[in-house]
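1. Here is my input, please return the structure:
(one chain, ligands or ions: 1)
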Amino acid sequence: MDISLFLFVGFSCFLLINGNKVEDCDYLTDKTSLQSFHVLLQAEQPYRTAYHFQSPQNWLNDPNGPMYYKGVYHLFYQYNPNSAWFGDGMVWAHSASYDLINWFGLDHALVPSEPFDAISCWSGSATILPGDKPVILYTGIDANYNQVQNLANPKNESDPLLVEWVKYSRNPLMTPPDGVKGDNLRDPTTAWQGPDGTWKVVIGSYSNNQGMAILYQSQDFVHWTMHRDPLYSSSKTEMWECPDFFPVSINSTNGVDTSVENPSVRHVMKASFNSHDYYIVGTYVTEQERFLPDADFTGTSSDLRFDYGKFYASKSFFDGKKNRRILCAWVNESDSMEDDLKKGWSGLQSIPRKIWLDRNGKQLVQWPVEELNSLRDNEVYVYGKQLESGSVFEVSGITASQADIEIMFELPKLEEAEFIDTSLVDPQLICDKQDASVTGKFGPFGLLALATKDLTEQTAIFFRVFRDHKDYKVLMCSDQKRSSLRNELDKTTYGAFIDIDPQREMVSLRTLIDHSIIESFGGKGRSVITTRVYPKLAINDEAHLFAFNNGSLSVRVSRLNAWSMNKAQITAGGEPETISEDFSRKK
Ligand SMILES: OC[C@H]1O[C@@](CO)(OC[C@@]2(O[C@H]3O[C@H](CO)[C@@H](O)[C@H](O)[C@H]3O)O[C@H](CO)[C@@H](O)[C@@H]2O)[C@@H](O)[C@@H]1O
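-> Numbers count the residues shown, from 1 in each chain. So this is what the prediction gives:
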């Protein structure tokens, strides 16, 4: 038997044995005990995060049905109430927030209960119908393990917390059509309404060796008809999970509602497959129900991804409060399934990101929501520091295991950069072969996060700048090879090119460090890499942060700003008594 830890979440406290909650511990009530308990918990569980959304125990995966409704942000997510592993009996767990950073748990919104979701309630989306009426479309795994699409409505639309959901009595609304296997139709998107009032939704599928978004149409949101052709399909892709289809403004970073169709928007089609979230930008021709991408998926490393590290099954929504589109995703573990049982939990949600179309019209840009800045504390900064070849300097004065860093590099004498024909190489492979220990000319330079003082443990987030015929190419890497002295971890190196011109703008990086997750935004959010790391020694107060330059040419840190990050308030859901009344009703 493995007694893992005492878990403290909000005002509820319990003992976990093999990941299962077994005993309440009411005796830890005074403040000092609770504070020491926090320290104890973080020491016992150094990989739990402080400001990323995670569940106190058990398995979580995809974000489901995120929305902003009557002043409250809602996040539902795939959750296994019975285990730290994925399994049958998946539910829609439910949390709510006033700022996308601090969350309180609510009762599970959807649990398996009916023939049309007897085995599991899988992923889906929310749509807010005219008259401010939210609805959920989700995939039910029925008693025969077929994937069917179901509708649920709030029991009380005037409750901004949308605590109770009622499944439509005539579910399922959509079942796998001829030619589609019973386990290949899942994850309905947020629906959009055409100019003629018709509702449309796409569902992930695979048929005739093509991954696809099957289109359904409805006049009343209850009776759905499959359109003759998928909205988009590609033989270069596998089964599409969690598709997302949404408009982006061509001339603003503001978001637009999912039903907006006009000449000032383009459309984005995202599909999750092969462990990554890939997207294409294009034109949606409503009359023909066709999506015409500027470039099709190629099945190569040049396909665009939201994130070039770990970031899957993402979902976006239009936030009417701040006129922006928000993106959230599941970030899975890189340790073993046995480790998950020992920890008693598995899976995080990314920090919600604002997402918009880049000025170049070719790709998206992402940035952590501005609300995250409210957790920043103890700023330290460095301006105009020369980083000579081989130099390393410590960024001290912050909590390096729980931090937010922004750094900008200036590169003099760019013409001395090495030449590389970047059209011939996979950026991830360059990052792997030329990892942080391999000296180049411009690069590697960047940050060493979650590092021991002597650098035996370190996760290097770095850049290399190359000349490519007449252009310059900026490569961004996240090198996990030395992230932990522990074995049996997935330490894959990740990499991506960033579409910036280093002659015109500085090479910038923003990195969010939170114990076992590092989210890095290169080139002001044009390429993003998220990783999971599990240092053995560089944990909690033993973690350090450095800036480094292992290139033969010097670079200059134009500015570095770093903050310790305070802990977000994230309380458990699932059982009504775990909700703190004070907090959940606060605005
Ligand atoms: O929770 C179900 C939803 O998750 C999705 C996308 O993540 O599909 C999951 C999937 O199952 C695999 O993924 C699990 C974690 O997501 C994994 O632990 C499990 O062992 C895998 O089977 O479901 C199908 C069928 O198993 C598989 O192809 C997927 O990757 C989403 O599509 C679901 O709605």
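
2. And residue 500, how far from residue 218?
-> 43 Å (C-beta to C-beta, to the nearest Å). Quick note: C-beta positions are derived from backbone N, CA and C, even for glycine.

3. The two: which has the busier surroundings?
-> Set side by side, residue 500 and residue 218 show more neighbours around residue 500, with 20 against 17, by other C-beta atoms under 10 Å.

4. So that one, which state does it fall into?
-> coil (DSSP: H, G, I helix; E, B strand; the rest coil).

5. Residue 127 now?
-> Following three-state DSSP, residue 127 is assigned to strand.

6. That one contacts residue 151, doesn't it?
-> No - counting by C-beta atoms under 8 Å, residue 127 stays clear of residue 151, with 10.0 Å between them.

7. Quick check: neighbours shared by those two?
-> 135, 137, 221 (C-beta atoms under 8 Å, 6 or more residues apart in numbering).

8. Tabulate these in JSON lines, adding columns for pLDDT.
-> Below are the shared contacts of residue 127 and residue 151 laid out as JSON lines (pLDDT from 0 to 100):
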{"residue": "135", "pLDDT": "98"}
{"residue": "137", "pLDDT": "99"}
{"residue": "221", "pLDDT": "98"}
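
9. from the residues you listed, which is closest to the ligand?
-> residue 137 (11.9 Å; C-beta to the nearest ligand atom).

10. how much space is there between the closest one and residue 264?
-> In terms of C-beta to C-beta, residue 137 sits 28 Å off from residue 264.

11. Check residue 346 too.
-> 42 Å.

12. one step back: more neighbours: which of residue 137 and residue 264?
-> residue 137 (26 against 11).

13. hang on, the more buried one packs against residue 199?
-> No - Residue 137 is beyond contact range of residue 199, at 10.2 Å (criterion: C-beta under 8 Å).

14. Now do the shared contacts for the two.
-> residue 191.

15. Next, count neighbours for whichever residue of the stretch 151-300 of the chain sits closest to the ligand.
-> Using C-beta to the nearest ligand atom, the closest approach of the stretch 151-300 of the chain to the ligand is made by residue 241 at 3.6 Å. Neighbourhood size, residue 241 [other C-beta under 10 Å]: 21.

16. residues in contact with it?
-> 123, 186-187, 204, 271-273, 313.

17. By mean pLDDT, which helix or strand of this structure comes out lowest?
-> helix 581-585 (a mean of 34; mean pLDDT, DSSP states H and E).

18. got the contact list for the residue lying closest to residue 418 once chain neighbours are set aside?
-> Of all residues not flanking residue 418 in the chain, residue 441 sits nearest, at 4.9 Å (C-beta to C-beta, 6 or more residues apart in numbering). Residue 441 makes contacts with 416-418, 551-553, as judged by C-beta under 8 Å, 6+ apart.

19. What's the separation between residue 441 and the ligand?
-> Distance, residue 441 to the ligand, using C-beta to the nearest ligand atom, to the nearest Å: 41 Å.

20. List the residues that contact the residue of the stretch 251-400 of the chain found nearest the ligand.
-> Closest approach between the stretch 251-400 of the chain and the ligand, counting by C-beta to the nearest ligand atom: residue 313, at 4.2 Å. Going by C-beta under 8 Å, 6+ apart, residue 313 touches 61-63, 123, 187, 241-242, 272, 277, 329-330.

21. Residue 456 now?
-> By C-beta under 8 Å, 6+ apart, the contact list for residue 456 reads 482, 485, 537.

22. Quick check: the gap between it and the ligand.
-> 32 Å.

23. Am I right that that residue is in a helix?
-> No - under three-state DSSP, residue 456 falls outside any helix and is assigned coil.

24. so how far is residue 555 from it?
-> 25 Å.

25. about what we covered before: run through the bridge partners of the residue of the stretch 151-300 of the chain closest to the ligand.
-> Residue 241 forms beta bridges with residue 272, as assigned by DSSP bridges.

26. Near residue 338, how many other residues are there?
-> 9.
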